[in-house]
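# Here's my sequence, what's the structure:
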Amino acid sequence: MRKLHKKPLIMAAATLALTGTLAVGSAMAYFTTYSTAGGGVKMNMGFTETVPKEDVDENGKHITIENTGDYDCFVRVKAFAPVELTYNAPNGGWTAGDKGYWYYDKVLPAGKKTETELNIKYTFPSVNDKPEEFNIVVIQECTPVLYDENGNPVYDFKDDSTQTTE
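Next up, the predicted model:
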């Protein structure tokens, strides 16, 4: 009779052990569950870049600017040379500003070039100290278009106290 009492006791112990292991598995999963995330997204905020085109002939340099960047911008041009320089915008579109800069009057849209050219003509001195060779160095700058509180486009060249709107 003793053998009969041990068998149900062993079966009860085995049932308890199996039930306990099932509960332990979910409890362990609860305490060890974690999550990770990886990867990234490359953000391109764009840029503003302009490229000058300079054609030279007997009348001087003829300057146009192309906006190869992602955003609309304003542009300005200034030239240096060991001879006297005069600026001319035969079809308009350029305005003389402070510190020798010439400003393009309109916003230069991305992917477009200036509609009119700026001519820079050189004049030799009247005396005999005419240079044999010289170069007209053209500096052009651009700044992204900003908008004032009324929605008008304005430029912000850091060394210029005046601002132009289109």
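# Centre-most residue in the protein?
Centrality entry for the chain: nearest residue to the mean C-alpha point is Phe47, 1.7 Å, by Cα atoms, centre = their mean.
# wait, what's in contact with it?
Counting by Cβ atoms under 8 Å, 6 or more residues apart in numbering, Phe47 makes contact with 69-71. Any C-beta I mention is one placed from the backbone N, CA and C, and that applies to glycine too.
# For the nearest residue to Gly100 once chain neighbours are set aside, list the residues it contacts.
What sits nearest to Gly100 in space, not counting adjacent residues and going by Cβ to Cβ, 6 or more residues apart in numbering, is Lys78, at 5.1 Å. Taking Cβ under 8 Å, 6+ apart as the criterion, Lys78 is in contact with 99-102, 138-140.
# what about the closest residue in space to Lys113 that isn't next to it in sequence, is that helix, strand or coil?
Distances taken as Cβ to Cβ, 6+ apart place Glu66 nearest to Lys113, at 4.0 Å, with adjacent residues excluded. What DSSP: H, G, I helix; E, B strand; the rest coil gives for Glu66 is strand.
# ok, so what distance separates Glu66 from Val107?
For Glu66, the distance to Val107 (Cβ to Cβ, to the nearest Å) stands at 14 Å.
# Let me see the domain layout of this structure.
Per automatic domain parsing, the structural domains of the chain span 1-34, 50-154.
# and which of the contacts of Lys78 is nearest Leu146?
Distance to Leu146, by Cβ to Cβ, is smallest for Tyr101 among the contacts of Lys78, at 18.0 Å.
# can you count the residues close to the closest one?
Counted with other Cβ atoms under 10 Å, the neighbours of Tyr101 add up to 20.
# thought it was touching Val75?
No - contact criterion Cβ atoms under 8 Å: Tyr101 and Val75 do not qualify, at 10.0 Å.
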